[in-house]
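>>> Okay, here's the prediction I keep looking at, along with the sequence it came from:
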Amino acid sequence: MLNVGTARLKAGKNEEIRDLLQAAEQSIQQAKGITQQLLTFTRGGEPVKTSMALQPMIKESVKFTLHGSKAKSRFDLPDDLWPVEIDPGQINQVINNLALNAVQAMSRGGHLTVTARNVTIEEGDQRTTALQPGNYVEVAIKDEGVGIPPENIDSIFDPYYTTREKGTGLGLFSVYSIIERHGGWITVESEVDLGTTFTFYLPAAADEEAAAISSEIKEGSGRVLVMDDDDTICLGLKALLGELGYEVETTANGEEAIERYGEALKSDQPFDAVIMDLTVPGGMGGAEAIGHLKELDPRVRAVVSSGYSTDPIMANYQEYGFEAVLMKPFQLADLSRAMDLVLG
């Protein structure tokens, strides 16, 4: 993914090459989605949560999924929606899966309508059988497709259940599992030949501030130390960070990172940020190295990176001394957001 992103940047104005590389990136993202669905089924995965507004993510995700299809999108997303405490990657997967289901149900075209509103669940509400009393954001995704037969509707969230020839049977199961792990709830209503509506609830964030997640690429400056035992990832990160305006040095394990960071700290060119792989087979990973770096420099600005979404450090990275998190495989926009969060 990193090298494809770097190649897209290097392609410049050559639209043909850029389009081919974008298609490759999308294929990798689809493979990532299937992998995450398998992880959800086999081991789960603690959400890596942040407080954010849902509106930008919903619009971007739905429009991306509907691109090239005959379906058209409609949105009713009030500006005063409460922010929610979510894992952006996981909730994006929920929206993608539900939108993709709608597209497949509307092969001849139709409208996909997405609405959202603030709701308060109180004691005695019929929804308290599945939700704790409190504030929630309700999102409804309605299509005009073929609908779900009554005899099938109770099985659609079961793992491996599918009525499609090329379906994995993991998409809706993953949706259900992700919403449940967020402390939410999802329901479905459907009529054959009229359409289907999925409605899910996410707990509102306690604070009123929310970060917008977008695909905007922000350049920056500063010296960054990268630690990863995979030479390919080091090469890709160095190239992408360089394109963003950063000066980069790479190391292969925690011991090397600690030594290099200490040397730079004593010089007139200290590192402004560190990106570390969580685990290194046979060596010291970021999980252990961060403690040593904190001893050298209590103000160290560190980002943890990993493909293991089930590790509790990824979900609670701030408790372990990190400022931001990068889930592998990540794109240039993810890297840009992390660096802006740490150094912006």
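Done, it's in. Residues are numbered from 1 along each chain as shown.
>>> Nearest spatial neighbour of the residue nearest in space to the middle of the chain, chain-adjacent residues omitted?
In the chain, the residue lying closest to the centroid (CA atoms, centre = their mean) is Gly89, at 1.5 Å. Once flanking residues are discounted, Gly89 sits nearest to Met327: 5.8 Å by CB to CB, 6 or more residues apart in numbering. Every residue, glycine included, has its C-beta placed from N, CA and C.
>>> ditto for Asp87
Closest to Asp87 by CB to CB, 6+ apart is Pro47, at 3.5 Å.
>>> again with Val192
Of all residues not flanking Val192 in the chain, Gly147 sits nearest, at 4.1 Å (CB to CB, 6+ apart).
>>> any idea how far Thr197 is from the one you found?
Shown here: Gly147 relative to Thr197, a distance of 10 Å by CB to CB, to the nearest Å.
>>> Could you give the secondary structure assignment for the residue nearest to the centre of the chain?
helix (DSSP: H, G, I helix; E, B strand; the rest coil).
>>> Then the one 4 residues further on?
Of the three states, Gln93 takes helix according to three-state DSSP.
>>> How many residues are close by it?
21 (other CB atoms under 10 Å).
>>> For the nearest residue to Glu323 once chain neighbours are set aside, give me its contacts.
In this structure, Glu323 finds its nearest non-sequential neighbour in Val342, 4.8 Å apart by CB to CB, 6+ apart. By CB atoms under 8 Å, 6 or more residues apart in numbering, the contact list for Val342 reads Ala273, Arg301, Ala302, Val303, Glu323, Ala324.
>>> so which helix or strand takes in Val342?
helix 332-343 (DSSP states H and E).
>>> Report the buried residues of that helix.
For helix 332-343, a neighbour-count test (16 or more other CB atoms under 10 Å) marks Leu332, Asp334, Leu335, Ser336, Arg337, Ala338, Met339, Asp340, Val342, Leu343 as buried.
>>> I'd like those as a markdown table, with distance to Tyr261 and pLDDT appended.
A markdown table is the format used below for those (distance: CB to CB, whole Å; pLDDT from 0 to 100):
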| residue | distance to Tyr261 | pLDDT |
| --- | --- | --- |
| Leu332 | 25 | 82 |
| Asp334 | 23 | 83 |
| Leu335 | 20 | 90 |
| Ser336 | 23 | 90 |
| Arg337 | 23 | 86 |
| Ala338 | 18 | 91 |
| Met339 | 17 | 93 |
| Asp340 | 22 | 91 |
| Val342 | 15 | 94 |
| Leu343 | 16 | 93 |
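>>> how about TSV for these, with distance to Val280 added?
Formatted as TSV, the buried residues of helix 332-343 follow (distance: CB to CB, whole Å):
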residue	distance to Val280
Leu332	24
Asp334	21
Leu335	20
Ser336	25
Arg337	25
Ala338	20
Met339	22
Asp340	26
Val342	21
Leu343	24
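>>> Looking at the residues you listed, which is nearest Glu255?
Nearest to Glu255, judged by CB to CB, of the buried residues of helix 332-343 is Val342 at 22.8 Å.
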